[in-house]
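1. can't give you the sequence, but here's the structure:
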């Protein structure tokens, strides 16, 4: 097909929804995407993406479809105010940075936000927007867009959220103020693999702590990012993201060739061998692999994972170092009146700090990734674990009530004396025609045991939206979709490489119990795809394996072969992470609903840094574990 014909068939540019939506609308969008079998890995979501999904979801939930269409109607106008918000708060006397709110703190008594769009043609559009609060402002949503659905160029303050998670993103989220950037991305999926891409270059906030020639220089570092994903079958997507922080002040802006060399060989250009060689270091790099699986059962839900690294490991470009693992499950409509989300993240000590950039991976002093990165002393290189539990109720009298709990625990090495942070929030919102009135009460304590509160009223104006708060619930179990529990026994051995000057040891055979929980769905007459979380007890420590991609091929009516790739967490004195791969065979229906399986699994270069006094003291800062496992399992399908 010629380029001219392609442009004639291509659609124009699309507006975006805000990266962080109000609770009720976020749940509606999540359900639309779920019913349409769409597995999104990034935000903000293009309005045209939702319109495409509605064409499928309307057949399954007409009331939901009508409500969302009304909410999006203004985006069809040539000029429109798409949303506006006013909020008043009973502010806390202790400032606490609220998660994913562009820097908003708990001591602000007010907030105002609005977004507008002006269509200058099918392939050109101007959006103006932003938010302001006491002590800060953000121009998020102000951008000029040009192009087509296969290549849209956005210049301005476009938001970036490189994660499938609703409450956090390890690489890039809306926690810090939005940066000015130039972004090229596509909305239409390309090729039969369903290829999506997003590439951008942004200016970060001013920093006075950029190492250069034995001292510091001041300036604005650059941030380059790339996300690529595929959705080769309906209901499952996998993607990879990269961030490169570089330049600033007297360091200047590296050439395009420097960026390419650092991108393709990060283990050589990302790290300095010593402080004296910092000038030869390209900058700071991060990467992640994410996956989302949609389960189209009687109660549809999705499960998603993110495995990320702040560094490379073992001098290998394909191994992520200073790792982070996040898991999540989302049920946007449960029993018709409820919704449920649970997300957990854990990261090792190297996140959001850097020897070259004294301010770390921050914008205007705020971490640009996971909100938990701000819950510590500034610049402290320490790992942490977070949990978020969200429960929503759509009562018969209208509106939506939400209860949310967040908690964070920093690792206990170091001298800061951190406490567990807890945050509790209760909110209620209800639509009145084009307006939504909401109230929220939030309270908590930070890692230094300081208490804070934040309560307020919010008035949202959504032009064109109707009065309906509730959507009908109708779904049916899809043939070939199942979840399962598995148990069995395994034999394992471990290769332990503690340090360069300590002999490598391989343990003898060890017999261990095995447990797993997983889900799969058919993607063809003989093929299934799914995901699984499994647990082994190795040397009195739990090994948790996450299968980001679990593929099974049925050979005849009773036999199947499969393979998987994912990430492993080994629960040592401090958590260790590595790559997790394997293959196996399964005998289907040895009894009705029961399968017998045999797997070979391998956790490769599972690594942890030397952070404790009892750890080996050597020139190499980390230990590695290679764990081989053979297991026999019995699984029950549901």
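-> Structure received. All values derive from a computational prediction rather than experimental measurement.
2. What ranges does the chain have for its helices?
-> 3-9, 23-35, 47-57, 62-72, 256-264, 266-269 (DSSP state H).
3. what's next to the last one, contact-wise?
-> If you take Cβ atoms under 8 Å, 6 or more residues apart in numbering as the criterion, helix 266-269 is touched by 258, 261-262, 281-282, 285, 287, 312, 315-317. Using the backbone N, CA and C atoms, a C-beta is placed for each residue, glycine as well.
4. If any of those are buried, put those into a PyMOL selection.
-> Remark: buried members of these, expressed as a PyMOL selection using 16 or more other Cβ atoms under 10 Å:
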select buried, resi 258+262+281+282+285+287+312
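5. Can you report phi and psi for the closest residue to residue 294 other than its chain neighbours?
-> Sequence neighbours aside, residue 235 is the residue nearest to residue 294 in space, at 3.9 Å (criterion: Cβ to Cβ, 6 or more residues apart in numbering). For residue 235, the backbone dihedrals (degrees, to the nearest 10) come out as phi 90, psi 0.
6. tell me which helix or strand of this protein sits lowest on mean pLDDT?
-> Using mean pLDDT, DSSP states H and E, helix 3-9 stands out as the lowest-scoring helix or strand of the chain, at a mean of 41.
7. contacting residues for the residue nearest to residue 294?
-> Here residue 235 is in contact with 37, 39, 293-296, 521, 523 (criterion: Cβ under 8 Å, 6+ apart).
8. What of residue 28?
-> Contacts of residue 28 by Cβ under 8 Å, 6+ apart are 64, 67-68, 71, 332, 471.
9. where in the protein is pLDDT low?
-> Applying pLDDT under 70 to the chain picks out residues 1-10, 270-279, 464-479.
10. need the longest strand for it.
-> The longest strand of the chain (DSSP state E) is strand 316-334.
11. And the residue nearest to residue 294, how far from residue 414?
-> 43 Å (Cβ to Cβ, to the nearest Å).
12. Equivalent analysis for residue 597, please.
-> Distance, residue 597 to residue 414, by Cβ to Cβ: 43 Å.
13. Compare the two (neighbour count), which wins?
-> residue 597 (20 against 15; other Cβ atoms under 10 Å).
14. Pull the contacting residues for the more buried one.
-> 486, 488, 584-587, 632-635.
15. Give the PyMOL command for selecting the buried subset of the residues you listed.
-> Here is the PyMOL command that selects the buried residues among the contacts of residue 597 (16+ other Cβ under 10 Å):
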select buried, resi 486+488+584+586+633+634+635
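16. Reformat the contacts of residue 597 into a markdown table and put distance to residue 437 next to each item.
-> Listed next are these as a markdown table, based on distance: Cβ to Cβ, whole Å:
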| residue | distance to residue 437 |
| --- | --- |
| 486 | 48 |
| 488 | 54 |
| 584 | 54 |
| 585 | 58 |
| 586 | 53 |
| 587 | 58 |
| 632 | 58 |
| 633 | 52 |
| 634 | 53 |
| 635 | 49 |
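17. and of the contacts of residue 597, the nearest to residue 169?
-> residue 486 (31.0 Å; Cβ to Cβ).
18. Any idea what that closest one is bridged to?
-> As for beta bridges, residue 486 partners with residue 516, residue 635 under DSSP bridges.
19. Off-centre distance for stretch 252-262?
-> 27 Å (Cα atoms, centre = their mean, to the nearest Å).
20. Please disregard the earlier target; I meant stretch 191-203.
-> For stretch 191-203, the distance to the chain centre is 16 Å (Cα atoms, centre = their mean).
21. again with stretch 280-290
-> With Cα atoms, centre = their mean, you get 17 Å for stretch 280-290.
22. Indicate which one of the helices of the chain is closest to residue 593.
-> Once the helices of the chain are compared by Cβ to Cβ, helix 23-35 is nearest, at 25.9 Å.
23. out of everything not next to it in sequence, what's closest to residue 86?
-> Using Cβ to Cβ, 6+ apart, the closest residue to residue 86 is residue 459 (5.0 Å).
24. which residues does the nearest residue to residue 265 once chain neighbours are set aside contact?
-> Nearest non-adjacent residue to residue 265, counting by Cβ to Cβ, 6+ apart: residue 317, 6.4 Å away. Counting by Cβ under 8 Å, 6+ apart, residue 317 touches 264-267.
25. Return the closest of the contacts of residue 28 with respect to residue 83.
-> residue 71 (9.2 Å).
26. What is the burial count for that closest one?
-> Residues near residue 71, counting by other Cβ under 10 Å: 24.
27. I figured it hits residue 462, correct?
-> Yes. With contact defined as Cβ atoms under 8 Å, residue 71 reaches residue 462; the gap is 5.7 Å.
28. any shared contact partners between the two?
-> By Cβ under 8 Å, 6+ apart, the residues touching both residue 71 and residue 462 are residue 25.
29. sorry, back to before: could you pull out the buried residues of the longest strand of the chain?
-> 319-328, 330-334.
30. mind listing what it pairs with, with the direction of each?
-> strand 301-313 (antiparallel), strand 338-347 (antiparallel).
31. For the residue nearest the centre of the chain, which non-adjacent residue is spatially closest?
-> What sits nearest the mean C-alpha location of the chain, by Cα atoms, centre = their mean, is residue 163, with 2.6 Å. Leaving out its chain neighbours, the residue that sits closest to residue 163 by Cβ to Cβ, 6+ apart is residue 169, at 3.4 Å.
32. Give the full set of residues in contact with that neighbour.
-> 161-163, 306, 369-370.
33. Angles on the backbone of it, please.
-> Residue torsions, per degrees, to the nearest 10, at residue 169 are phi -150, psi 130.
34. distance of it from residue 320?
-> Taken as Cβ to Cβ, the span from residue 169 to residue 320 is 16 Å.
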